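In: requesting a structural model of the entry that follows:
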Amino acid sequence: MKMLTKIWGWMSTCGMAFVITLFISVFIFQPYKVEGHSMDPTLHDQERIYVSKLQRTFSCIPEYGDIVIIDSRINRNRSLKDDIMEFPAFEFILGKKDNIYYVKRVIGTPGDVIEFKDDRFYRNGVELSEPYIKETMNHSSEMKWVVPENHVFVMGDNRNYSYDSRAIGFIPLEHIMGKMIF
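Out: Model prediction:
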């Protein structure tokens, strides 16, 4: 009986630690790993970053220039179940899914007009100062986007090698997993 009480004590302690870790990971803070070169030179392939999920938890719109983690599957709604099932321990047990998370920089927020002309980006008619980009984007045609409500426009810092809003479209706010803090 004494041994059973000890085992129960250990199991309940481990269970409580797991629940607390899950809560922190889903709602407050989580590490991610950069995969690929779309954020060069700011972030590098395989670099570990730490993300605050408070912005997502409280449904805040990110600010211009924020580096965010996005769920690239924008054609589906996200739910709390997604957040729980994407907890790293579950991904380890169930097997890692395809790379669905992208690390990108917020360029436009709801209502913004984003334009690419004369090899430069403009937001609401004002040229963007972007000292963080790797090189000038190789694109000859002019483009224009109007960011819809509850969405953002994101791009990688390595514009010539980034799969971002130019290709996948506007990112729903519910698909922003968090904001990089360090």
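
In: so what's residue 44 up against?
Out: 34, 37 (Cβ atoms under 8 Å, 6 or more residues apart in numbering). Placement of C-beta: from N, CA and C, glycine included.

In: for it, phi and psi?
Out: When read as degrees, to the nearest 10, the backbone of residue 44 gives phi -120, psi 160.

In: could you check the pLDDT of the residue lying closest to residue 60 once chain neighbours are set aside?
Out: Leaving aside its sequence neighbours, residue 60 sits nearest to residue 54 (Cβ to Cβ, 6 or more residues apart in numbering; 7.9 Å). Listed pLDDT for residue 54 reads 80.

In: mind checking how far residue 54 is from residue 24?
Out: 11 Å (Cβ to Cβ, to the nearest Å).

In: also residue 166?
Out: For residue 166, the distance to residue 24 - Cβ to Cβ - is 34 Å.

In: for these two, indicate the residue with more neighbours.
Out: Neighbours per residue (other Cβ atoms under 10 Å) separate residue 166 from residue 24, with residue 166 holding more: 18 against 12.

In: which element is the more buried one on?
Out: Per DSSP states H and E, residue 166 falls inside helix 165-168.
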